[in-house]
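Colleague: sequence plus predicted model, see below.
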Amino acid sequence: MDFIRKMKVVALLVIAVISVASISYAESAKSNKVKVDLPNKPEIWEIHKHLKKEDFDPSTSPSGKMDDSGQDTAVRTLKGFVGPNYATQVNGKSVIVLSNSLNVSKSGNWAVKGLVRNETTSNIGAVTIEAKLISSKGTLLGTVSTKSIVTKIRPGEPAPFEMTSSIPVSKVASVQWITKPTAAQDNISREANIMVDYELAYGQQDYRGFKRNDPPYPYVLATSFDNLSGPIKTAQLVAAWLDETGKVVWIGTASLDSAFKNGVGVDGSATFNNIVVNNSKIAPMLSQIPYTLWVIAK
Amino acid sequence: MKNKTTWLTSIFVVIFVMTSLINYTPAYAGAKFGDVPTDDVLSAATANYKGTGTTRNSFAAIIMAVTWPEVTGNHLNYTPSPMAIGRADVSSSNGKKLWADGVVSGAYKYVRAHWSAGVGIWQLDSVGLGADMSFHNAVLTNTSAAVVASEMARLYKSASGTAADKRKAAWKPWYACGYHQEVCEKVYQSIYYSPTDTLNITRDHTVSRGGGLVSKHCYNVSNPRVTWPCYKYNPALAQGYKGSWYYNPLNGSSTLEPVPLPFLTYWKTDSYGNKIEYRHWLKADTGYDTSKWASRLFGTNARSSVKWMSNSPLGAK
């Protein structure tokens, strides 16, 4: 009887230790994540300074609860960024490759499009992404590298990259990823309110009742932005299209429209040259899948 | 001699004035625009034209020039309707949430509970300039003109080149202005006469600031004593030209968005500080078996972010 009682006590102790360890591990795992401050856009009456705040601020409306669940969305509209994959919590240590975003070529030479994410707690510059291509026998077939297109990446922010190799994809069994961030440069600004002006589907001969005059009717994305900080000399729009599984299928960039060749001043705005995609394999799908947008200014 | 000179001078003056009048024949005689909406554009131009190097009237013409191409099929003898809603955006690149419950089908039983993307005479859209505006802000011409004027001034002042180059830069975000903004330039030249700095606009007194949008007071049926301002949108009551957007098939098609049935709309800040826009289609207005309602977080693209619900608890008086 004593033996059984002792065994019960031991069993309870074991359970208690396991429980405490589990809780500690869970807490530890939770505490490893660091919350980041999102670069939220200013209010509309702060961008357009002649607006009357009371005309545009719903907090002036009396309270009457309808739906107080709090709306969050995976797609964020922030300063210099619109899209998904912007994390609100990071591991505080490194830049990671988002494995679900990787779109590896299916034939020909190994090539990839994908996203990295800054999981550190500081702004970083461009990230050098290195891929070591490994054969099924474990031998190194070669190493390819590239730099992220976005050259100032904030904590929690994703950034697109694209790389190609001269190694047949059929020989590549696995990939070892290495990321090396560079220091953020002070002269790069992300202070932009991004707007999409219109999007024309590939092959669509008219848009909103207007006949298009750009046969064979490529995919077109027209964008603009409000400058939210000091004067800038130049700016670039980066766009990445993700398929329904989150894989990056296309990356495009656009420079400032030539009308803004002298830069954009404080409280100024500008349009970008349209992103035009003629590739008949890719372009038809671009108007069917979401884009992520970045603006980088100097 | 002096009398003769005076007489000859008078003749010359009369001939000069008459010749000027004959030479000035606007392509469109008095483009039509709502009465109060005209005042709203002039007010917005006054607040924003400084620093552009243009006059108040010239800048007002720049602001107005977009509206006919956007919502009347570029007929200047039609008055742009503040309640105009876009119908041609059928892209699903960023989601299908404009359509009730995300079901893209003209046969869906709630199809005309539709979250229209482009709104008002400047067709403000949540993916662009209308991201941080509620529906009524995009319809009412005082608030919509104020935002458009500010954005155009920002673009105009940032652009380099001639005045015509700067106008093109200010219009580029509006597709209806044409690939090289030539459509809006023609409208501008028709509605603005620079030698006298005058606008060639005929005020349409039948089109008000809201173009038929009706102010209401909404409440939750569980607590009717707490009310808040809201608006009722009924496309059948829209003022101004409707021919470019209010036509069959009202249920939409593969190339056409539906025309929404009447709905109530308002904005709120929830307890998390989120600013949210709401649209409610009550059973009494739609004949549906439930009152559909939907919401959009400010700053987000309606195509991906509209949240659809049933059994709206909203009432209005």
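Modeller: Here it is on my side, so go on.

Colleague: what values do phi and psi take at the spatially closest residue to residue B:194 that is not a sequence neighbour?
Modeller: Distance criterion Cβ to Cβ, 6 or more residues apart in numbering or on different chains; nearest residue to residue B:194, sequence neighbours excluded, is residue B:58 at 7.0 Å. The way it works is simple: take the backbone N, C-alpha and C, and place the C-beta from them, glycine included. Note on residue B:58: its backbone torsions stand at phi -60, psi -40 [degrees, to the nearest 10].

Colleague: hang on, isn't residue B:58 packed against residue B:197?
Modeller: Yes: counting by Cβ atoms under 8 Å, residue B:58 does reach residue B:197; the two are 6.9 Å apart.

Colleague: more neighbours: these two, which one.
Modeller: Neighbour count, other Cβ atoms under 10 Å in any protein chain shown: between residue B:58 and residue B:197, residue B:58 has more, with 21 against 12.

Colleague: quick one: contacts for the more buried one?
Modeller: Shown in contact with residue B:58 (Cβ atoms under 8 Å, 6 or more residues apart in numbering or on different chains): B:49, B:192, B:194, B:197.

Colleague: out of those residues, which comes closest to residue A:100?
Modeller: The nearest member of these to residue A:100, counting by Cβ to Cβ, is residue B:49 at 49.8 Å.

Colleague: which residue packs closest to the closest one, ignoring adjacent ones?
Modeller: residue B:59 (3.8 Å).

Colleague: per-domain residue ranges of the chain.
Modeller: I went with chain A, as the question did not name one. Under automatic domain parsing, the residue ranges defining each domain of chain A are A:85-183, A:192-297.

Colleague: you answered for a different chain; I wanted chain B.
Modeller: Taken from automatic domain parsing, chain B resolves into B:27-86+B:136-204, B:100-118+B:211-316.

Colleague: pLDDT score assigned to residue B:218?
Modeller: Per-residue confidence (pLDDT) for residue B:218: 95.

Colleague: quick check: closest non-adjacent residue to it.
Modeller: Sequence neighbours aside, residue B:230 is the residue nearest to residue B:218 in space, at 3.8 Å (criterion: Cβ to Cβ, 6+ apart).

Colleague: re the thing from before, roughly how far does the residue nearest to residue B:194 sit from residue B:164?
Modeller: As judged by Cβ to Cβ, to the nearest Å, residue B:58 and residue B:164 stand 12 Å apart.

Colleague: could you do residue B:172 as well?
Modeller: Per Cβ to Cβ, residue B:172 is found 13 Å from residue B:164.

Colleague: close to chain A, is stretch B:266-285?
Modeller: Yes: counting by Cβ under 8 Å from any Cβ of the partner chain, chain A has neighbours in stretch B:266-285: B:266-272, B:274-276, B:278.

Colleague: who touches residue 188 in this structure?
Modeller: Since no chain was named, I'll use chain A. Neighbour list for residue A:188: A:125, A:151-152, A:296-298 [criterion: Cβ under 8 Å, 6+ apart].

Colleague: you looked at the wrong chain, it should be chain B
Modeller: B:61-62, B:65, B:167.

Colleague: so residue A:220 sits against residue A:203, correct?
Modeller: No: contact criterion Cβ under 8 Å: residue A:220 and residue A:203 do not qualify, at 11.5 Å.

Colleague: more neighbours: those two, which one.
Modeller: Using other Cβ under 10 Å as the criterion, residue A:220 and residue A:203 rank with residue A:220 on top: 22 against 15.

Colleague: tell me the SS of the more buried one?
Modeller: strand (DSSP: H, G, I helix; E, B strand; the rest coil).

Colleague: tally of neighbours for the closest residue in space to residue A:155 that isn't next to it in sequence?
Modeller: Leaving aside its sequence neighbours, residue A:155 sits nearest to residue A:36 (Cβ to Cβ, 6+ apart; 4.2 Å). Close neighbours of residue A:36, defined as other Cβ under 10 Å, add up to 20.

Colleague: how about residue 179, what does it touch?
Modeller: Using chain A. So residue A:179 contacts A:94-97, A:116, A:127-130 (Cβ under 8 Å, 6+ apart).

Colleague: oops, chain B please
Modeller: By Cβ under 8 Å, 6+ apart, the residues touching residue B:179 are A:213-214.

Colleague: quick one, phi psi at it?
Modeller: phi -60, psi -40.

Colleague: how close does it get to residue B:159?
Modeller: Counting by Cβ to Cβ, the separation of residue B:179 from residue B:159 is 17 Å.

Colleague: ok, now residue A:125?
Modeller: Separation of residue A:125 from residue B:159 (Cβ to Cβ): 30 Å.

Colleague: and for residue A:109?
Modeller: From residue A:109 across to residue B:159, the span is 44 Å (Cβ to Cβ).

Colleague: higher neighbour count, these two?
Modeller: Neighbour count, other Cβ under 10 Å: between residue A:109 and residue B:159, residue B:159 has more, with 27 against 15.

Colleague: quick revisit: the residue nearest to residue B:218 is in contact with residue B:217, isn't it?
Modeller: Yes: counting by Cβ under 8 Å, residue B:217 is a contact partner of residue B:230 at 6.8 Å.

Colleague: ok, these two, which is more surrounded?
Modeller: Between residue B:230 and residue B:217, counted using other Cβ under 10 Å, the more crowded position is residue B:230 (23 against 14).

Colleague: list the residues that contact the more buried one.
Modeller: Residue B:230 makes contact with B:215-218, B:264-266, B:316 under the criterion Cβ under 8 Å, 6+ apart.

Colleague: which among these gets closest to residue B:72?
Modeller: For the contacts of residue B:230, the nearest to residue B:72 is residue B:265 (23.6 Å; Cβ to Cβ).

Colleague: wait, a strand at that closest one?
Modeller: Yes: judged by three-state DSSP, residue B:265 forms part of a strand.

Colleague: number of residues surrounding residue 107?
Modeller: Answering for chain A, as no chain was given. Look at residue A:107: counted by other Cβ under 10 Å, it has 7 neighbours.

Colleague: the chain in question should be chain B.
Modeller: Close neighbours of residue B:107, defined as other Cβ under 10 Å, add up to 7.

Colleague: surely residue B:301 meets residue B:126?
Modeller: Yes: Residue B:301 lies in contact with residue B:126 (Cβ under 8 Å); the separation is 5.5 Å.

Colleague: re the thing from before, which of the contacts of residue B:58 are buried?
Modeller: The neighbour count (16 or more other Cβ atoms under 10 Å in any protein chain shown) marks B:49, B:192 as buried among the contacts of residue B:58.

Colleague: among the contacts of residue B:58, which two are most distant?
Modeller: B:49 and B:194 (14.3 Å).

Colleague: can you pull out the low-pLDDT segments for the stretch 51-200 of chain A?
Modeller: By pLDDT under 70, the low-scoring segments of the stretch 51-200 of chain A are A:60-73.

Colleague: please enumerate the helices of it.
Modeller: Taking DSSP state H, counting those that start in this stretch, the helices of the stretch 51-200 of chain A run over residues A:53-56.

Colleague: same check on chain B?
Modeller: Counting by DSSP state H, chain B has these helices, from start to end: B:2-23, B:35-48, B:56-65, B:67-71, B:135-139, B:141-158, B:163-171, B:182-191, B:283-286, B:302-305.

Colleague: want to try JSON lines for the ones you listed, with mean pLDDT and distance to residue A:225 as columns?
Modeller: Putting the helices of chain B into JSON lines (pLDDT from 0 to 100; distance: least, Cβ to Cβ, whole Å) gives the following:
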{"stretch": "helix B:2-23", "mean pLDDT": "45", "distance to residue A:225": "43"}
{"stretch": "helix B:35-48", "mean pLDDT": "98", "distance to residue A:225": "18"}
{"stretch": "helix B:56-65", "mean pLDDT": "98", "distance to residue A:225": "20"}
{"stretch": "helix B:67-71", "mean pLDDT": "97", "distance to residue A:225": "21"}
{"stretch": "helix B:135-139", "mean pLDDT": "97", "distance to residue A:225": "20"}
{"stretch": "helix B:141-158", "mean pLDDT": "98", "distance to residue A:225": "10"}
{"stretch": "helix B:163-171", "mean pLDDT": "98", "distance to residue A:225": "13"}
{"stretch": "helix B:182-191", "mean pLDDT": "97", "distance to residue A:225": "21"}
{"stretch": "helix B:283-286", "mean pLDDT": "97", "distance to residue A:225": "39"}
{"stretch": "helix B:302-305", "mean pLDDT": "89", "distance to residue A:225": "20"}
